[in-house]
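Asker: turn this into a structure:
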Amino acid sequence: MTRMTLITTGAFLAFAGPLHAGGPTLIGPDPVPEAMPAPASGVDWSGPYAGLSYSRTSGYMDMAGFGLFDYTDGRATGGFLGYNVQRGNLVYGGELSFATVSGMVFRDVSLGGDDPVDSLLELRGRVGYSLGSALIYGAFGLAKGNYTLNGIDKPTASGTSLGVGMDYKLTDQVFVGLDYTRRKMDGTNPNPGLPFTFDAPVNSLSLRLGLSF
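Answerer: Down below sits the predicted model:
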């Protein structure tokens, strides 16, 4: 073996030794952050929405000291607006609604038939599950009802509401829905000449037409 060969071999071994012992560490690319879960089936329920509703209503008024009186079944027309947040299949948000009630008066004709439910106002939270184009939800919130008694008194009642429903997207923006809500409300007649407390629950089954923005 020539002297030149020995020098070359020695230089190679001197350089290769550190590579085997613990040579340079290769650094991989930075990890990519995980993306948020995509909406189910590509349908996005998040964002603001608004719409109109038509409802069938029922209920009664239990007046302390006067007895319980059933209301005739009525109807209500109104509007709603809300906002949804979506995380995967979970959809949650809040909704405000108002409806004018008609045809909902005492069944007892001896009371004159001038004691209707006038309107309903409601603020509620909703939590639902997306099945793609369909959204099934439950709702809980605060409700207020306006009434007319004896033709002149204008009492109000307030309390809680509990509901369930389903919305279905016809297009990316247009949806229809069906909602059933029970409202447990109570109040006091403001007439100092005829003071009494009362319970006045109102139930509604509503058909809804909405637009997502």
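
Asker: alpha carbons only for contacts and neighbour counts from here, please
Answerer: OK.

Asker: which helix or strand contains the residue nearest the centre of the chain?
Answerer: By C-alpha atoms, centre = their mean, the chain has its centre lying nearest to Arg126, at 2.5 Å. Secondary structure from DSSP states H and E places Arg126 in strand 117-130.

Asker: same check, this time on Met166
Answerer: Assigned by DSSP H and E, Met166 falls in strand 156-169.

Asker: contacts for the next helix-or-strand element following that strand next, please.
Answerer: Where DSSP H and E defines the elements, the next helix or strand beyond strand 156-169 is strand 174-188. For strand 174-188, contacts defined as C-alpha atoms under 8 Å, 6 or more residues apart in numbering pick out 143-145, 155-170, 195-212.

Asker: try stretch 53-66
Answerer: Stretch 53-66 is contacted from outside by 68-80, 104, 106, 196-209, using C-alpha under 8 Å, 6+ apart.

Asker: burial measure for the residue nearest to Met104 when sequence neighbours are not counted, as a count.
Answerer: In this structure, Met104 finds its nearest non-sequential neighbour in Gly74, 4.3 Å apart by C-alpha to C-alpha, 6 or more residues apart in numbering. For Gly74, the count of nearby residues is 18 (other C-alpha atoms under 10 Å).

Asker: and what of the one 4 residues further on?
Answerer: Gly78 sits with 18 neighbouring residues when counted by other C-alpha under 10 Å.

Asker: same question, the one 5 residues further on
Answerer: By other C-alpha under 10 Å, the residues close to Tyr83 number 19.

Asker: and for the one 5 residues further on?
Answerer: Other residues near Gly88 come to 15 when the count uses other C-alpha under 10 Å.
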